[in-house]
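> sharing a sequence plus its predicted fold:
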Protein chains: 2
Amino acid sequence: MNKTNVEISNLPKYCNEALILAVLARGDRHGYQLAIEIEEMSDGLFKFNHGTLYPILHKLEKENLIKGLWEKSDTQRKRKYYSITRKGKNYFYQQKAELEHFLSTFIGIIGEKKK
Amino acid sequence: MNKTNVEISNLPKYCNEALILAVLARGDRHGYQLAIEIEEMSDGLFKFNHGTLYPILHKLEKENLIKGLWEKSDTQRKRKYYSITRKGKNYFYQQKAELEHFLSTFIGIIGEKKK
DNA sequence: TTATATATATTGACTCTCGATATATAGAGC
DNA sequence: GCTCTATATATCGAGAGTCAATATATATAA
């Protein structure tokens, strides 16, 4: 296991990636669906702008962490369904562990009572 | 209590501010000391660059969340000691609550098992 | 006297999010 | 058949903030 590479400046980036990968780990989704689902799961707390979402999906796909497949059934508009790859799962589990360690350390410091 | 304003892009900013204010809530510190202390408390996880730390201190001071006082004893080099203000404490407690809600929601989503 | 640790500060490069904008189609209502 | 809205993907420029490098200065140790 690598050493942590979660730096505070990368926090939003890793959080966004983790949210996307976590949902894709549960099953295939297309972009728009991901955004809606994450917003619902978080009670409106995490809203993805399109200008944030799609670049991340393209980047993750370029790195082979997810794989996109255009689906064009006769009745529906074409959508690009993403599925998480084996590499993506490994990446996600590692990032998740690092983020949890990072965030619990953070909460520990700001939550600490005066001595 | 205001509605949350913690957006994912502001996460590092609010985390950095919260770390600084949390330590100052325990007692006065000067900048360099803050950086060292936070690094030690986090086991080396949170390292403040000077180019990050000082602009934040100046901003917090300008907003009257902290107050800086130059100290120049005869034997020591001059240091600027910061103390948290009443306004700063209120700000910190609110940010802390928002961050904890934000992060626990996040951990909840990425940690959720498949149904 | 030199080197190192302490201490504050600024600058430019870089990255990423955000909001705006663009394009296109399915379905609903008239 | 037409218009409007929701769905769906995509890109661009502005803005904010971190990071690494650099600058300055002094106390202390070798």
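Here it is on my side, so go on. A quick note: this is a predicted structure, and the numbers were derived from the prediction, not measured. Residues are numbered from 1 along each chain as shown, chains lettered A, B, ... in the order given.

> could I have the helix or strand hosting residue A:34 exported to CSV, CA atoms only?
In the assignment (DSSP states H and E), residue A:34 maps to helix A:31-41. C-alpha atoms of helix A:31-41 as CSV (Å, rounded to 0.1, in the frame of the first residue of the first chain):
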residue,chain,number,x,y,z
GLY,A,31,-23.3,10.9,-15.8
TYR,A,32,-26.6,12.7,-15.3
GLN,A,33,-27.9,9.8,-13.1
LEU,A,34,-24.7,9.9,-11.0
ALA,A,35,-25.2,13.6,-10.2
ILE,A,36,-28.8,13.2,-9.3
GLU,A,37,-28.2,10.1,-7.2
ILE,A,38,-25.3,11.7,-5.2
GLU,A,39,-27.4,14.8,-4.6
GLU,A,40,-30.3,12.7,-3.3
MET,A,41,-28.1,10.5,-1.1
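
> pull the residues that contact that helix.
A:19-20, A:23-24, A:29, A:45-48, A:50, A:53-54, A:57, A:79-80, A:82, B:109 (Cβ atoms under 8 Å, 6 or more residues apart in numbering or on different chains). Backbone N, C-alpha and C define where each C-beta goes, glycine included.

> swap in stretch A:15-29?
Contacts of stretch A:15-29 (Cβ under 8 Å, 6+ apart): A:34, A:37-38, A:41, A:46, A:48, A:52-53, A:56-57, A:60, A:65-66, A:81-84, A:88-89, A:91-92, A:95-96, A:99, B:8, B:11, B:106, B:109-110, B:112, B:114-115.

> filter the residues you listed down to the ones near DNA strand D?
Counting by Cβ under 7 Å from any atom of the strand, residue A:57 from the contacts of stretch A:15-29 sit close to DNA strand D.

> for PyMOL, what selects the buried ones among the contacts of stretch A:15-29?
Typed into PyMOL, the line below selects the buried ones among the contacts of stretch A:15-29, using 16 or more other Cβ atoms under 10 Å in any protein chain shown:
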select buried, (chain A and resi 34+38+41+46+48+52+53+56+57+60+65+66+81+82+84+88+91+92+95+96+99) or (chain B and resi 8+11+106+109+110)
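
> wait, a strand at residue A:27?
No. According to DSSP: H, G, I helix; E, B strand; the rest coil, residue A:27 belongs to no strand; its state is coil.

> do the strand or helix carrying residue A:16 and DNA strand C meet at all?
Per DSSP H and E: residue A:16 is located in helix A:11-24. Yes. Applying Cβ under 7 Å from any atom of the strand, one finds helix A:11-24 touching DNA strand C at A:12, A:13, A:16.
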